[in-house]
Each structure stands twice: as structure tokens, then as C-alpha cells.
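A.B. asks: Fold the following, please.
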Amino acid sequence: MKHYLLSVVTSTDGVPPAPAEMARIMRNVEGFHRELQRAGAWVFDGGLSAPATATVVRAKDGDTVLTDGPYIEGKEYLGGLSIVRAPDLDAALDWGRKAALAIGLPIEVRPFEGEVEA
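C.D. replies: Numbering: from 1, shown residues only. So this is what the prediction gives:
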């Protein structure tokens, strides 16, 4: 089995859902996570805080420099992620489709390097 990253693409200019809509989305996401776990495909998942909470650590002259804020500012950012096990890209894309339907946001599906498909 190969590992894939399912990235939740979140927009910086989007209006947050109303509380009732957010509750519905969270129920859908919890159902998606339960399905992943039942299938033995779940490895890890989690939501991320807003980009403004980030700190970038850079190596410079044998030391490190810290910078507040995201490394790159843009219209979209990584809002959450799941790592799944799947036998091939088609199976990982099926999980990506289910995630997109559950959360209503774009999902980027990417394989980890160096792993051989089963």
C-alpha cells in the first residue's frame, strides 16, 4: 500500500459557513473519517489553524531566524489534511472525491515519494 496526502484547499477570501452549515460539514467529515478507519485506509488527519498563526524557521549562517506569518501568502492555503493508505492512485482519488463531497472544498491528492504501489 502506498501513502497519499489529501490536502484541504481553503480560500482566504471565503465567508465562513453559518454555524448550522458548519455543524453539517463537521458531521460529514466525521463520517468520512469513520469510513476511512473502517476501510483500514486512515493513517492521520487534522485541521490547521489560520496561516497568520504560522512561524517560519529559516537556517541562516549556521543559526536560525524566525519569521511570524506564513511562508507564502496567497488566496488559498492548506486548511487541513488526511494521510491515507491506498493500493493505487485511483483508490486514493476515490478517497479524495469522498473528502471533497464531505467538506465542500477542493482536495489535492498527492502520493508520497519513494513508496512502491502494492
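A.B. asks: who's in contact with the nearest residue to W42 once chain neighbours are set aside?
C.D. replies: Leaving aside its sequence neighbours, W42 sits nearest to L36 (CB to CB, 6 or more residues apart in numbering; 3.9 Å). Quick note: C-beta positions are derived from backbone N, CA and C, even for glycine. Contacts for L36 (CB atoms under 8 Å, 6 or more residues apart in numbering) come out as W42, D45, S82, V84, W95.
A.B. asks: List phi and psi for L36.
C.D. replies: phi -60, psi -50 (degrees, to the nearest 10).
A.B. asks: which regions of the chain sit below the pLDDT cut-off?
C.D. replies: Low-confidence segments of the chain (pLDDT under 70): 116-118.
A.B. asks: And the helices in it, which stretches?
C.D. replies: For the chain, the helices defined by DSSP state H cover 19-39, 89-103.
A.B. asks: Not counting residues beside it along the chain, what's closest to the residue nearest the centre of the chain?
C.D. replies: The centroid of the chain falls nearest to L81 when counting by CA atoms, centre = their mean (1.9 Å). Excluding the flanking residues, the one nearest L81 by CB to CB, 6+ apart is S7, at 5.4 Å.
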